[in-house]
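*Asks:* Take a look and give me a structure for this.
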Amino acid sequence: MNWRAILIALAISYLLTGVGATLQLRKKDIPWTKETLVSIIVTFLWPYFLLERWLLKWEEKTRIP
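*Replies:* Model prediction:
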């Protein structure tokens, strides 16, 4: 099973969700600031990085020498 491909697909879906949330913010005239961008990036990308780290540790533990 190709975990990296799955993680990339998850990251893309999270990113698209972030883009949708950004467009909704723009419709509501919420001011576009650096903090807004950072919060969107952090909110939608941290699960990808955590999952990748967990999968790498799991692969190391289950690797047959």
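*Asks:* contacting residues around L10?
*Replies:* 47-48, 51 (Cβ atoms under 8 Å, 6 or more residues apart in numbering). Any C-beta I mention is one placed from the backbone N, CA and C, and that applies to glycine too.
*Asks:* cutoff 10 Å now
*Replies:* The neighbourhood of L10, defined by Cβ atoms under 10 Å, 6 or more residues apart in numbering, consists of 47-48, 51-52.
*Asks:* Just those: which are in helices?
*Replies:* Judged by DSSP state H, the contacts of L10 include 47-48, 51-52 as members of helices.
*Asks:* the bottom helix or strand of this structure by mean pLDDT?
*Replies:* Ranked by mean pLDDT, DSSP states H and E, the helix or strand of the chain with the weakest confidence is helix 3-27, at a mean of 73.
*Asks:* residues contacting Y48?
*Replies:* 7-8, 10-15.
*Asks:* No more questions from me, cheers.
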